[in-house]
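> Need a 3D model of the following:
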Amino acid sequence: MTTTIALTGATGGIGGRVARLIEAAGVAPRLVVRDPARAPQIAGADVTTGDYADGEAMRRALDGAGTLLLVSAGEAADRVVQHRTAVDAAVAAGVKCIVYISFLGASPACTFTFGRDHFHTEQHIAATGIRHTFLRDSFYQDLLPAFVGDGDAIRAPAGDGRVSAVARDDIADVAAAVLLDEAGTHDGRTYDVTGPEALTIAEIAAVLSDAVGRPITYVPEAVEVAYASRASYGAPPWEVDGWVTSYTAIAAGEVATVSDTVPSVAGHPATPLAENLARHPELTAPLRGV
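Modelled structure (predicted):
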């Protein structure tokens, strides 16, 4: 590589995977993390400290980098502000290209409230004039087992809607392919990154049942019931909105798109949910009592 690749989110499920793929390609990335002690052990990696909310720290961390993988920040009331600060720091540091982990169907009015954050972040990146690629990921397959609650049931206001959930391994493969391409093939592109099929929550429950060896069921909920049940966690209203609208977005058909991004960019078929669960038994370990 003739340019330094900086990776954020390297201690998380996407950034860490990308870091290892970049390493396997013989490239030493720069890992921008909040806690260097938690950074993955990547051969030759330059580990530096940065926080999206601290523009000057991010500018220093990104100084001299040519390409940045910007993994979206954790869900927060000020997430868009954090993203804008990080983007502006990247521009000030001289970064030439940003690859941003976005969300499927991002728009200012998408049902999934957190998806709106991604739209506004995309708009800000584009307005800077910097080269960019947006990876609009569907919901993560890896998180679906955590949807199972008491009584081995997924209770949700998802109706009969479908979701094209995608494996985090596949997202990382796509991101790494984009980051390692120096020909500008992906400049200005927005990719929907999805699994190979769109499943209803009932169908997801059936796949989970096979994976854990006992019945998992889907119990449709009314929206008001969903809000009431989740209010017991004491989370702020914006967070509860995000939780509930993740399901109502499914009901509305907004996350049912199935794309060919994984095969066309990563070069292999997208991973079905059952295969991903078999490949990563740790995902269902809590349900299996392991």
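
> show me what contacts the residue nearest to residue 170 when sequence neighbours are not counted?
Nearest residue to residue 170 in three dimensions, chain neighbours excluded: residue 262, at 4.8 Å (C-beta to C-beta, 6 or more residues apart in numbering). Glycine gets a C-beta too; all of them are placed from N, C-alpha and C. Shown in contact with residue 262 (C-beta atoms under 8 Å, 6 or more residues apart in numbering): 166, 170, 173-174, 193-194, 196, 268-271.

> ok, of these, which come out buried?
Among these, the ones that count as buried by 16 or more other C-beta atoms under 10 Å are 166, 170, 173-174, 193-194, 196, 270-271.

> how about those residues in JSON lines, adding secondary structure?
Shown next, in JSON lines, are the buried ones among the contacts of residue 262 (DSSP: H, G, I helix; E, B strand; the rest coil):
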{"residue": "166", "secondary structure": "strand"}
{"residue": "170", "secondary structure": "helix"}
{"residue": "173", "secondary structure": "helix"}
{"residue": "174", "secondary structure": "helix"}
{"residue": "193", "secondary structure": "strand"}
{"residue": "194", "secondary structure": "coil"}
{"residue": "196", "secondary structure": "coil"}
{"residue": "270", "secondary structure": "coil"}
{"residue": "271", "secondary structure": "coil"}
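
> what would those look like in CSV with pLDDT?
Shown next, in CSV, are the buried ones among the contacts of residue 262 (pLDDT from 0 to 100):
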residue, pLDDT
166, 98
170, 98
173, 98
174, 98
193, 98
194, 98
196, 98
270, 98
271, 98
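
> Out of these, which comes closest to residue 106?
residue 193 (12.0 Å; C-beta to C-beta).

> Look up which residues are beta-bridged to the closest one.
According to DSSP bridges, the partner residues bridging residue 193 are residue 137.

> can you pull the contacts of the residue of the chain positioned farthest from its centre?
Most distant from the centre of the chain: residue 214, at 29.1 Å, with distances by C-alpha atoms, centre = their mean. Contacts for residue 214 (C-beta under 8 Å, 6+ apart) come out as residue 152.

> any chance you could map the helices in the stretch 51-200 of the chain?
For the stretch 51-200 of the chain, applying DSSP state H, counting those that start in this stretch gives helices covering 55-62, 79-93, 113-128, 168-180.

> Can you get me a residue count around residue 197?
15 (other C-beta atoms under 10 Å).

> quick one: contacts for it?
Residue 197 neighbours (C-beta under 8 Å, 6+ apart): 164, 258, 272.

> which of the residues you listed are buried?
Buried members of these, counted by 16+ other C-beta under 10 Å: 164, 258, 272.

> isn't the second one right up against residue 166?
No. The pair residue 258 and residue 166 fails to qualify as a contact (C-beta atoms under 8 Å) at a distance of 9.9 Å.

> what sits in contact with each of those two?
With C-beta under 8 Å, 6+ apart as the test, residue 258 and residue 166 both reach 194-195.

> quick one on the thing from earlier: any idea which of the helices of the stretch 51-200 of the chain gets closest to residue 159?
Each of the helices of the stretch 51-200 of the chain was scored for nearness to residue 159 using C-beta to C-beta, and the closest is helix 113-128 (18.0 Å).

> Can you list the low-confidence ranges for the chain?
Across the chain, the ranges flagged by pLDDT under 70 are 1.

> Count residues in the vicinity of residue 263, would you?
14.

> For it, which non-adjacent residue is closest in space?
Nearest one to residue 263, counting by C-beta to C-beta, 6+ apart, is residue 269 at 5.5 Å.

> contacting residues for that neighbour?
Residues near residue 269 by C-beta under 8 Å, 6+ apart: 196, 262-263.

> Next: residue 99.
With C-beta under 8 Å, 6+ apart, residue 99 has these contacts: 67-70, 132-133, 135, 175, 178-179, 186.
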